[in-house]
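Asks: Model the structure of this input:
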Amino acid sequence: MKKIRFGIIGLGNIGAHHYGYFPEMDGAELTAVCDIDKTRFSRLEPASDFDHDGVAATWEGQVATFTDYRGMLGSGMVDAVIIAVPHYFHPEMAKEAFRRGIHVICEKPMAVTSREAREMNAAHASSGVVYAAMFQMRTDPVYIKIKEMLEDGTLGEVRRVSWIITNWFRTQAYYDSGGWRGNWTGEGGGVLMNQCPHNLDLFQWFFGLPKRLSAMAYLGKWHDITVEDDVSVLMELDNGATASFITTTGDTPGTNRLDIAAENGKLVLEDGRLTFHKTEKPVQEILNTSQQGFYSAKPEVVEVSIERKPHGHKYITQNVINAIKGKEELISPGTEGLKSVQLANAILFSGLKGCPVEVPVSEGEFDQLLEELRRDELEKAPEKAFDWGRYVADLKAL
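Replies: Predicted coordinates for the structure are as follows:
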């Protein structure tokens, strides 16, 4: 079978990262790149702060350049695209690719609102193409192992979950580095929309969407921004278990600790180390039958062996290539990206409205909230607002 021809839309940090690893792809070739800022074509180099340490091949003369994504999609030069632009543009670009029968890998989050993500899924349904989300953390061996232990009965039924994920520290300089960052008009959200989509995807991948939740969300608590940078959530899962999720971009040193209390003990992930504290009997059985009022038996502490192997963005891309060729199933179907958006929307809605909510929240009510936030930003903090239409027009005029 001939090589699948790929295009990359968006050559910022993450787009440059995809560009950098593409020479390593098996069964595919990079034939086109697109960015509205044409100066990026002359200074393309792989980003250094992601999961790839290689050096990009020289593509001069081999890869077509476009400043209009529709021109790329209509050129006949690509069979598949990686959408690596700010998430504001993900829905329109994905739907246009589906309409033309072009396969899509979309960066996270799929969209700002669950309505847009659901519409993307609907557009894909009749397209006949492969659609994947760039949730590369699903390829990390430690998360694969947790998923396996949840599904094979090792842990038993989940009783309680706690995830403290505060190692997304960002300085004010980060938010000041792009006018679209840290505001409702440009980014559509803060830590939930930009940093945590991976964690929210993993959460629902492990435990499913919660039935209901109650959140606290703080806007610009630690930074001079208008969106949320500090969030705490309490959730109820389908089986009645409770879960807490705490995140911020304002803590350093931050923490990434996942505790899963289950029927057969507790699984702890921290600093890449996975530890299973295995009880001598199922927890509920101990609770019901032990004659010790202050039960003190120590669990067996098992260091869970993790097969260390390469993972990351390029392994999602290779998986998509293989899926297009009919060789394997998708690791991260794009349609599943709806769930993490639904979870993010519900958390934000609850946090800003100050009330518990069922999951998912009403799409209409969330859209209305987001519109109010954007309008309030334009009225009260116009210097923080961002106009994508003007930004695009200014670049086209250069």
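Asks: okay, the residue lying farthest from the centre of the chain: pLDDT?
Replies: Ranking residues of the chain by C-alpha distance from their mean position (C-alpha atoms, centre = their mean) puts Gln291 at the top, at 46.8 Å. At Gln291 the predicted local distance difference test score is 94.
Asks: Then the one 5 residues further on?
Replies: What the model reports for Ser296 is a pLDDT of 89.
Asks: what do you get for Gly178?
Replies: On the pLDDT scale, Gly178 is placed at 83.
Asks: what about it, how many residues close to it?
Replies: Residue neighbour count, defined by other C-beta atoms under 10 Å, stands at 14 for Gly178. Using the backbone N, CA and C atoms, a C-beta is placed for each residue, glycine as well.
Asks: hang on, it is in a helix, isn't it?
Replies: No: with the criterion set as DSSP: H, G, I helix; E, B strand; the rest coil, the secondary structure at Gly178 is coil rather than a helix.
Asks: Let me see the ranges of the helices in the stretch 51-200 of the chain.
Replies: Listed in chain order, the helices of the stretch 51-200 of the chain (DSSP state H, counting those that start in this stretch) span 69-73, 90-99, 114-125, 141-151, 172-176, 197-207.
Asks: between these, which gets nearest to Ala344?
Replies: helix 197-207 (5.8 Å; C-beta to C-beta).
Asks: Quick check: which helices or strands does that closest one pack against?
Replies: helix 141-151, strand 158-165, strand 242-248, helix 337-353 (3 or more C-beta pairs under 8 Å, 6 or more residues apart in numbering; DSSP states H and E).
Asks: who touches the third one?
Replies: Residues outside strand 242-248 that contact it (C-beta atoms under 8 Å, 6 or more residues apart in numbering): 160-166, 168, 191-192, 195-196, 199, 203, 207, 210, 221-222, 229-237, 254, 347.
Asks: repeat for stretch 32-46
Replies: If you take C-beta under 8 Å, 6+ apart as the criterion, stretch 32-46 is touched by 5-12, 15-17, 19-21, 52, 54-56, 59, 63-69, 71-72, 75, 77-78, 392, 395-396, 398.
Asks: Buried residues, that stretch. List them.
Replies: Within stretch 32-46, the residues that count as buried by 16 or more other C-beta atoms under 10 Å are 32-36, 40-41, 44, 46.
Asks: what's the answer for stretch 126-144, then?
Replies: Within stretch 126-144, the residues that count as buried by 16+ other C-beta under 10 Å are 127, 129-144.
Asks: Restricting to C-alpha, output it in PDB.
Replies: Taking only C-alpha atoms (Å, rounded to 0.1, in the frame of the first residue of the first chain), the coordinates of stretch 126-144 have been written out as PDB:
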ATOM      1  CA  SER A 126     -21.100   9.800   7.700                       C
ATOM      2  CA  SER A 127     -17.600  10.600   6.400                       C
ATOM      3  CA  GLY A 128     -16.000   7.200   6.300                       C
ATOM      4  CA  VAL A 129     -12.700   8.500   7.400                       C
ATOM      5  CA  VAL A 130     -10.500   7.800  10.500                       C
ATOM      6  CA  TYR A 131     -10.800  10.400  13.300                       C
ATOM      7  CA  ALA A 132      -8.500  10.400  16.300                       C
ATOM      8  CA  ALA A 133      -7.800  12.600  19.300                       C
ATOM      9  CA  MET A 134      -4.200  13.400  20.200                       C
ATOM     10  CA  PHE A 135      -4.500  12.000  23.700                       C
ATOM     11  CA  GLN A 136      -1.000  10.600  23.700                       C
ATOM     12  CA  MET A 137      -1.000   9.900  27.500                       C
ATOM     13  CA  ARG A 138      -3.100   6.800  26.700                       C
ATOM     14  CA  THR A 139       0.100   5.400  25.200                       C
ATOM     15  CA  ASP A 140       2.100   5.800  28.500                       C
ATOM     16  CA  PRO A 141       2.800   2.300  29.900                       C
ATOM     17  CA  VAL A 142       1.900   3.400  33.500                       C
ATOM     18  CA  TYR A 143      -1.600   4.600  32.500                       C
ATOM     19  CA  ILE A 144      -2.100   1.500  30.300                       C
END
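Asks: Please compute how far it lies from its chain's middle.
Replies: In terms of C-alpha atoms, centre = their mean, to the nearest Å, the gap separating the centre of stretch 126-144 from the centre of its chain is 10 Å.
Asks: Stretch 191-202: end-to-end distance?
Replies: With C-alpha to C-alpha, to the nearest Å as the measure, the ends of stretch 191-202 fall 16 Å from one another.
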